[in-house]
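> Compute the structure for the input listed below.
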Amino acid sequence: MNQHAAECLPLDHQINRFGLWSAVICIVTGCLAIALPLDVPNGYDATQAERVSWLVANRNAFVAGWANQIIAMLALSGLFLAIAWRVRQKNPLNALLAAGAAVMATMAFVIPKFMAVWTIPLLAEAADSGGAGAAMAATLLPLLNVSIPFSLYTSFDYLGFWLYSLSALLTMAPFYDRDWASRFASLLLGLFGLGFNLAFVLLLCGVVGAPEIETSFGMSIIPLLLLILIMIAIFRRSSKRARSR
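Residues are numbered from 1 along each chain as shown. Coordinates of the predicted model:
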């Protein structure tokens with residue numbers, strides 16, 4: 001091992017562990033998301049009055065659900081950053097651009113999810129009270145509807161996933177290696193990146209309507225879920241190799 005490699009090994013090991021724990025946290029928060037509500041049941045068709053009533057009655061559960069989403073998205077960003085780090089030697093420019101896309105995605109996600117924890121519950125209480133600011137709250141609350149795919153809120157969410165898809169496309173080719181795990185991960189990165197952008201193009205062309213947006217884009221995210229699992233195996237294998245040196 002040359003001197004430069006010996007100096008980089010501690011940092012490589014730390015980022016490898018960072019990526020491993022990011023993937024684990026993604027899985028844990030994903031399991032918690034099953035039990036935590038993110039909106040009123042049948043949110044797409046719920047009326048404003050039903051949403052306000054539900055938000056007031058389930059404020060704590062709603063905040064917990066979206067706080068969990070913040071942790072999940074930060075962990076997913078960490079995973080993409082760790083992937084970008086792994087491909088830096090094969091393609092430094094792609095790695096740099098992919099890391100930048102992941103950082104911008106983090107900002108795109110944090111903005112709406114912070115509003116879900118902070119702003120939406122306060123708007124619901126103001127609209128329900130009928131006091132000062134109730135009219136403004138009633139106007140703003142539909143703009144932050146977390147279930148309607150064309151609301152201001154969900155637009156930021158889809159922007160974040162689109163930036164993730166760019167990061168995936170940039171790291172797809174340089175991640176490809178001789179072992180089966182890297183090849184599979186490279187395939188999943190490509191499927192997610194291409195699938196999400198294909199769904200985006202179909203949306204712009206009018207092929208996908210508003211009611212089908214969640215289903216269409218949700219299908220493209222399935223490879224991303226599988227990627228999290230395979231990256232745990234890759235990071236664990238890298239950790240074992242680092243310890244054996």
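
> now stretch 120-135, how far from the centre of its chain.
Centroid separation between stretch 120-135 and its chain, computed with CA atoms, centre = their mean, to the nearest Å, is 30 Å.

> And for stretch 150-170?
Worked out by CA atoms, centre = their mean, stretch 150-170 lies 8 Å from the chain centre.

> Likewise for stretch 115-130?
24 Å.

> Give the buried residues for it.
Neighbour-count burial for stretch 115-130, counted by 16 or more other CB atoms under 10 Å, picks out Met115, Ala116, Val117, Thr119, Ile120, Pro121, Leu123, Ala124, Glu125, Ala126, Ala127, Asp128. Heads up, the C-betas are built off the backbone N, CA and C, glycines and all.

> And for stretch 176-193?
Judged by neighbour count (16+ other CB under 10 Å), stretch 176-193 contains these buried residues: Tyr176, Ser182, Phe184, Ala185, Ser186, Leu187, Leu188, Leu189, Gly190, Leu191, Phe192, Gly193.

> Next: stretch 77-90.
Residues of stretch 77-90 classed as buried: Ser77, Gly78, Leu79, Phe80, Leu81, Ala82, Ile83, Ala84, Trp85, Arg86, Val87, Arg88 (neighbour count, 16+ other CB under 10 Å).

> Now do the same for the fourth one: helix, strand or coil?
Per DSSP: H, G, I helix; E, B strand; the rest coil, the secondary structure class of Phe80 is helix.

> That one and Lys240: what is the separation?
Counting by CB to CB, to the nearest Å, the gap from Phe80 to Lys240 is 23 Å.

> Going by contacts, tell me the helices and strands next to the longest helix seen in the chain.
Identified as the longest helix of the chain according to DSSP state H is helix 92-129. Counting contacts by 3 or more CB pairs under 8 Å, 6 or more residues apart in numbering; DSSP states H and E, helix 92-129 is packed against helix 48-57, helix 59-86, helix 134-140, helix 152-175.

> With distance to Asp39 and mean pLDDT added, can I get those in CSV?
Shown next, in CSV, are the helices and strands packed on helix 92-129 (distance: least, CB to CB, whole Å; pLDDT from 0 to 100):
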stretch, distance to Asp39, mean pLDDT
helix 48-57, 8, 92
helix 59-86, 8, 96
helix 134-140, 16, 88
helix 152-175, 10, 94
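
> What I need now is the ones you listed written out in JSON lines, including distance to Arg236 for each item.
Output for the helices and strands packed on helix 92-129, formatted as JSON lines (distance: least, CB to CB, whole Å):
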{"stretch": "helix 48-57", "distance to Arg236": "41"}
{"stretch": "helix 59-86", "distance to Arg236": "13"}
{"stretch": "helix 134-140", "distance to Arg236": "46"}
{"stretch": "helix 152-175", "distance to Arg236": "17"}
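
> wait, which of those helices is closest to Ala108?
helix 152-175 (3.9 Å; CB to CB).

> Can you get me a residue count around Ser151?
16 (other CB atoms under 10 Å).

> Name the helix or strand for Ser147, please.
Under the criterion of DSSP states H and E, Ser147 resides outside all helices and strands.

> Give me the phi and psi for it.
phi -110, psi -20 (degrees, to the nearest 10).

> could you list every residue that touches it?
Ser147 makes contact with Asp39, Val40, Gly43, Tyr44, Ala46, Thr154, according to CB atoms under 8 Å, 6 or more residues apart in numbering.

> Name the SS class of the third one, please.
In terms of secondary structure, Gly43 is coil; the call rests on three-state DSSP.

> got the contact list for the residue nearest the centre of the chain?
With distances taken as CA atoms, centre = their mean, Met73 lies nearest the centre of the chain, 4.4 Å away. Shown in contact with Met73 (CB under 8 Å, 6+ apart): Thr106, Phe109, Val110, Lys113, Gly160.

> With neighbour count and distance to Gln14 as extra columns, can I get those residues in CSV?
Formatted as CSV, those follow (neighbours: other CB atoms under 10 Å; distance: CB to CB, whole Å):
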residue, neighbour count, distance to Gln14
Thr106, 20, 19
Phe109, 24, 24
Val110, 16, 24
Lys113, 24, 27
Gly160, 24, 26
